[in-house]
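Student: Okay, here's the prediction I keep looking at, along with the sequence it came from:
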Amino acid sequence: MPLRITALAASTAFLLAACGDTDNGGESTQTATRTIEIDMVDIAFEPDQVDVDQGETIRFVFTNTGEVTHDAFIGDEAAQADHEQEMRDAASDEHGGGHGDADEDGVTVAAGDRAELTYTFDQTGTLEIGCHQEGHYEGGMKTTIDIS
């Protein structure tokens, strides 16, 4: 019995640690350097462009003011394409096309809800926040992130 209790306690601690905010490096982030609010409307993000500094940790707060579910995924164009396919594959299975708790670079936000995503920008360049609900990314639902 003590072995079961120890195993249960260890697995619970692991699961609780996995549920915290994470950055793109997978480390727990409690301190963002600033917060950027992004509205999700119809099939658009507002604003559609943001500037961040290399090394900055940003807490994004997504508010879905639209009438359908949206998601927000951070990555370069190749990652956006991969994620688009993952969302299509997930939509075709019994679980639907949303982000699980383990997806540290994306969130799914139901109509009328809010969600947060914390991300550290390690390199200069350009990334995007894309919505990959069916037809949204292709329809232009993305925000460009310029990292300097």
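Tutor: Now that the structure is in, tell me what you want to look at. Numbering: from 1, shown residues only.
Student: SS state for A90?
Tutor: Secondary structure, DSSP: H, G, I helix; E, B strand; the rest coil: A90 is helix.
Student: what's the neighbour count on it?
Tutor: Neighbour count of A90, defined by other Cβ atoms under 10 Å: 16. Backbone N, C-alpha and C define where each C-beta goes, glycine included.
Student: Also Q54?
Tutor: 12.
Student: Likewise for E77?
Tutor: By the criterion of other Cβ under 10 Å, E77 has 12 neighbours.
Student: ditto for H136
Tutor: 23.
Student: Would you mind giving me the confidence score for it?
Tutor: On pLDDT, H136 comes in at 95.
Student: Not counting its neighbours along the chain, what's nearest it?
Tutor: Nearest non-adjacent residue to H136, counting by Cβ to Cβ, 6 or more residues apart in numbering: I43, 4.9 Å away.
Student: so the one you found makes contact with E134?
Tutor: No: using Cβ atoms under 8 Å, I43 is not in contact with E134, being 10.5 Å away.
Student: Pick out whichever of those two has more residues nearby.
Tutor: Remark: of I43 and E134, I43 carries more neighbours, 18 against 14, as counted by other Cβ under 10 Å.
Student: who are the neighbours in contact with the more buried one?
Tutor: By Cβ atoms under 8 Å, 6 or more residues apart in numbering, the contact set of I43 is 131, 135-136, 139-141.
Student: go again using 6 Å as the cut-off
Tutor: Contacts for I43 were tallied using Cβ atoms under 6 Å, 6 or more residues apart in numbering; they are 136, 139, 141.
Student: Tell me the spacing between the closest residue to the second one other than its chain neighbours and T118.
Tutor: Of all residues not flanking G139 in the chain, I43 sits nearest, at 4.5 Å (Cβ to Cβ, 6+ apart). According to Cβ to Cβ, to the nearest Å, I43 stands 25 Å off from T118.
Student: Looking at the contacts of I43, spot the one nearest F60.
Tutor: Checking the contacts of I43 against F60 with Cβ to Cβ, the nearest one is M141 at 14.8 Å.
Student: Show me which positions of stretch 44-57 end up buried.
Tutor: Under the neighbour-count criterion of 16 or more other Cβ atoms under 10 Å, stretch 44-57 has 44-45, 50, 52, 56-57 buried.
Student: what bridges to the residue minimising distance to the centre of the chain?
Tutor: In the chain, the centroid-proximal residue (Cα atoms, centre = their mean) is G106; its distance is 1.8 Å. Beta-bridge partners for G106, by DSSP bridges, are F73.
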